[in-house]
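>>> what follows is a predicted protein model with its sequence.
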Amino acid sequence: MTAPYHGRCNCGAVTATFASEPLWVRQCWCRQCQRAAAGSATVNALFPIEGMTLAGEVAWKAYDAASGNTVEQGFCPSCGTPIFGRNSSRKDSLVVRLGFLDAGHGLKPSSVIWLDEAPAWAVIDPALEQFARQSPPPLSPGAS
């Protein structure tokens, strides 16, 4: 599938459409993501905010991440579905949890980050580009 991508929380109170392709799709094994994902990695896509439509209320909780950035987790206040992440270093984009997107989206990770914090039992696809900590920042849309 290609853009647009659509998503909804478990109860349907929050819906979103993303008009463009994501800048990246990856797994994150940082400790904060392991907590958010009940012990596993999160699987996320970075979408530009421009061209996104959002309906419904999103609740946010902020914390200071090991990367040195302020990170906020966005979730549905009605059902608790994890939806977004936002990062103080990327104000023009949102990290979208792949589980929020409608089935059949076809997106899959091309890299995995924060492997230094992954548990010993984690299974990492050797075909994915791997980073011990944070990967280099993606190019902004339209940048070369």
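Cool, got the structure.

>>> contacts only, for Ala59.
Gly74, Phe75, Cys76, Pro77 (CB atoms under 8 Å, 6 or more residues apart in numbering). C-betas here are computed from N, CA, C, even on glycine.

>>> among these, which ones are buried?
Buried members of the contacts of Ala59, scored by 16 or more other CB atoms under 10 Å, are Gly74, Phe75, Cys76.

>>> residues in contact with Lys105?
Lys isn't right for residue 105; it's His. Applying CB under 8 Å, 6+ apart, the residues near His105 are Met1, Tyr5, Leu98.

>>> check Ser88 too.
The contact partners of Ser88, taken as CB under 8 Å, 6+ apart, are Asn69, Thr70, Val71.

>>> how close does the last one get to Pro119?
Meaning Val71. 20 Å (CB to CB, to the nearest Å).

>>> quick one: which of these two has more around it?
Val71 (20 against 10; other CB atoms under 10 Å).

>>> number of nearby residues for the closest residue to the more buried one other than its chain neighbours?
Computed as CB to CB, 6 or more residues apart in numbering, the closest residue to Val71 that is not its neighbour in sequence is Ala65, at 4.4 Å. Using other CB under 10 Å, Ala65 is surrounded by 20 other residues.

>>> show me which residues of the helix or strand of the chain with the lowest mean pLDDT are buried.
When the helices and strands of the chain are scored by mean pLDDT, DSSP states H and E, helix 31-36 comes last with a mean of 89. Neighbour-count burial for helix 31-36 flags Gln32, Cys33, Gln34, Ala36 (criterion: 16+ other CB under 10 Å).

>>> low pLDDT regions in this structure?
For the chain, applying pLDDT under 70 flags the ranges 137-144.

>>> quick one, strands of it?
Applying DSSP state E to the chain gives strands spanning 5-8, 15-18, 24-28, 42-48, 52-55, 59-64, 70-75, 82-87, 93-97, 111-113, 129-130.

>>> how about the third one: buried residues?
By that I understand strand 24-28. Trp24, Val25, Arg26, Gln27, Cys28.

>>> for the third one, which non-adjacent residue is closest in space?
Closest residue to Arg26 apart from its sequence neighbours, by CB to CB, 6+ apart: Ser111 at 4.4 Å.
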